[in-house]
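*Asks:* Kindly generate the corresponding structure for this input.
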Amino acid sequence: MQNILVIDDDKLMCLALAKILISAGYNVVQAGDGEEGLKLYRSQDFDLVITDLIMPDKEGIQIIRELRKENSRIRIIAMSAGGRGGATDYLKWARLMGAKQCLSKPIKREDLLDAVQAVLALP
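*Replies:* Numbering: from 1, shown residues only. Below is the predicted model of the structure:
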């Protein structure tokens with residue numbers, strides 16, 4: 001069973017993503033912010049990290065940067081509903097920083113599962 005870490009300060013979004021992923025057969029650990037997510041990542045083995053980009057304290061771009069420094073092969077999916085610049089701008093930055101896939105919120109179940117499967121299939 002593959003392990004996925006989901007990082008999002010929106011508890012309902014985090015729970016919804018976890019339910020979808022668990023129902024598809026993945027083991028999921030949830031983190032409510034970037035600091036918690038990094039601590040969990042460092043304490044367990046994960047095959048994939050899914051992170052929101054806009055969060056208080058530590059934003060997703062910072063998380064991606066730190067994860068890539070620690071493990072250049074880490075598989076990351078970034079997600080965002082936008083902000084002042086809109087989701088597209090944030091997701092472009094996430095891709096440049098090393099996210100393998102980017103999803104705009106709201107996320108459809110099929111899109112999430114397709115992205116997860118594609119990223120996990122990467123060498």
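
*Asks:* Can you show me the CA trace of the helix or strand harbouring Gln117 as CSV?
*Replies:* If you go by DSSP states H and E, Gln117 is part of helix 109-120. Presented in CSV, the C-alpha positions along helix 109-120 are these (Å, rounded to 0.1, in the frame of the first residue of the first chain):
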residue,chain,number,x,y,z
ARG,A,109,-12.4,12.8,-7.7
GLU,A,110,-11.3,11.5,-11.1
ASP,A,111,-8.8,14.3,-11.6
LEU,A,112,-7.2,13.6,-8.2
LEU,A,113,-7.0,9.9,-8.7
ASP,A,114,-5.6,10.3,-12.2
ALA,A,115,-2.9,12.8,-11.0
VAL,A,116,-2.0,10.5,-8.1
GLN,A,117,-1.7,7.4,-10.3
ALA,A,118,0.3,9.3,-12.9
VAL,A,119,2.8,10.8,-10.4
LEU,A,120,3.2,7.5,-8.6
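
*Asks:* For that helix, name the packing helices and strands.
*Replies:* Here helix 109-120 touches helix 11-23, strand 48-52, strand 76-80, strand 101-104, going by 3 or more CB pairs under 8 Å, 6 or more residues apart in numbering; DSSP states H and E. To be clear about C-beta, it is placed using only N, CA and C from the backbone, and glycine gets the same treatment.

*Asks:* so which of these comes closest to Leu112?
*Replies:* helix 11-23 (5.8 Å; CB to CB).

*Asks:* Which other helices and strands does the closest one contact?
*Replies:* strand 3-7, strand 27-31, helix 109-120.

*Asks:* Pull out the buried positions in the first one.
*Replies:* It stands for strand 3-7. For strand 3-7, burial by neighbour count (16 or more other CB atoms under 10 Å) applies to 4-7.

*Asks:* list the helices and strands the one helix or strand in the chain whose mean pLDDT sits lowest packs on?
*Replies:* Using mean pLDDT, DSSP states H and E, the weakest-scoring helix or strand in the chain turns out to be helix 87-97, at a mean of 83. Applying 3+ CB pairs under 8 Å, 6+ apart, one finds that helix 87-97 contacts helix 60-70, strand 76-80, strand 101-104.
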